[in-house]
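Participant: For reference, the sequence and a predicted model appear below.
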Amino acid sequence: MHSFSELVTLFEERLNNTMPFPDRPGTLYEPCRYFMTIGGKRVRPVLSLMSNELFGDINEDAWHAAMAVELFHNFTLIHDDIMDKAPLRRGKTTIHERNGLTSGILCGDVMAIYAYDHLASIKTALPQILHLFNKTSIEVCEGQQLDMDFENRDDVTIEEYIEMITLKTSVLLACSLKMGALLGGASESTAAKLYEFGKNLGIAFQLHDDYLDAFGDPRKSGKQTGGDIKANKKTYLLLKAQENANHLQHTAIGTLLTRDDESKVPAMLSLFGNTGADQACRDAVKHYSDMAFHCLEEAAVVSVRKKPLFDLATYLLGREH
């Protein structure tokens, strides 16, 4: 069994040695290589490998699935950056800023196509794998559209927010795990448990990230404190504060959303505390993480083989063993 960090190293070696992009036209493929090598945690492809290793040695089909997942994920990031007009990704210049809008669109497109090229090399349960991958790809697009729609709505509910982060973030984690399991010979019921583990892990991780953006130590998180607040992002914390607020608090929140000064972040953080949104977010993280660990525990796999996945989930959620 390999640890997460060991599999990240092995995946990076495989990625660097088998990058699918040819040399010409350089204006298309050089930006693709640039984006694929500027970092990233590689959580999704490694989850496919870790799930596959639950059932024996990692096989070649699992490596193709891992590459497909990472190529698809990076395609979504490139296009998300265009939609968000983001100048930076992972601290580096985004493709559309560096090479122009046309390159950004085409690089994303060709990455998605190369993802399917890797899937085409899979020899085990290919129809099942393709159906799962296609379903997930559609859901990721739906989640992104919901996220964009929320920017122009003032009536977003907590339930809608959970649906959006499930589609935009969680289902690809879940898909990665289920593909690895199916390619390792897992039963449908066991693969389904691992899918639910990944889905709930993804929800918990996003809610935990919402919380850390507001209340985390920037020296540990590497993120600017209150970045979501400054951008008026509709996070779980903001939506729960609005849901719980009395009339005066609701007015104060509305006023803060129109402001852009140094007192905005501490004032909003105070409202998150006074409305109980901070505790509600912590409770939600625990709820979804508990469900994730319960699904992992129920997966019909020898416990010792599940330890690397347990350790990774514990790390991602900032939990104690």
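Facilitator: Nice, thanks for sending it over. Numbers count the residues shown, from 1 in each chain.
Participant: and the gap between Lys135 and Lys178?
Facilitator: 11 Å (CB to CB, to the nearest Å). Using the backbone N, CA and C atoms, a C-beta is placed for each residue, glycine as well.
Participant: Kindly report the same for Leu15.
Facilitator: On the measure of CB to CB, Leu15 and Lys178 end up 22 Å apart.
Participant: Likewise for Gly276?
Facilitator: Gly276 is 36 Å from Lys178, where distance means CB to CB.
Participant: again with Gln206
Facilitator: For Gln206, the distance to Lys178 - CB to CB - is 19 Å.
Participant: if you count what's nearby, which of those two comes out ahead?
Facilitator: Counted by other CB atoms under 10 Å, Gln206 and Lys178 do not tie: Lys178 has more neighbours, with 32 against 22.
Participant: ok, that one touching Phe197?
Facilitator: No. Using CB atoms under 8 Å, Lys178 is not in contact with Phe197, being 9.5 Å away.
Participant: For Asp217, grab the count of nearby residues.
Facilitator: Neighbour count of Asp217, defined by other CB under 10 Å: 10.
Participant: mind checking pLDDT for it?
Facilitator: Among the per-residue scores, Asp217 holds a pLDDT of 80.
Participant: I'd like the distance between it and Lys41.
Facilitator: Distance from Asp217 to Lys41, by CB to CB: 19 Å.
Participant: so where's this structure uncertain?
Facilitator: Applying pLDDT under 70 to the chain flags the ranges 219-224, 319-321.
Participant: Show me which helix runs longest in it.
Facilitator: As assigned by DSSP state H, the longest helix anywhere in the chain is helix 188-215.
Participant: and that one, what other elements does it pack with?
Facilitator: Judged by 3 or more CB pairs under 8 Å, 6 or more residues apart in numbering; DSSP states H and E, helix 188-215 is in contact with helix 158-165, helix 171-183, helix 227-230, helix 236-244, helix 264-274, helix 277-298, helix 303-316.
Participant: Could you identify which of these is most buried?
Facilitator: Mean neighbour count (mean count of other CB atoms under 10 Å) peaks for helix 171-183 among these, with a mean of 28.
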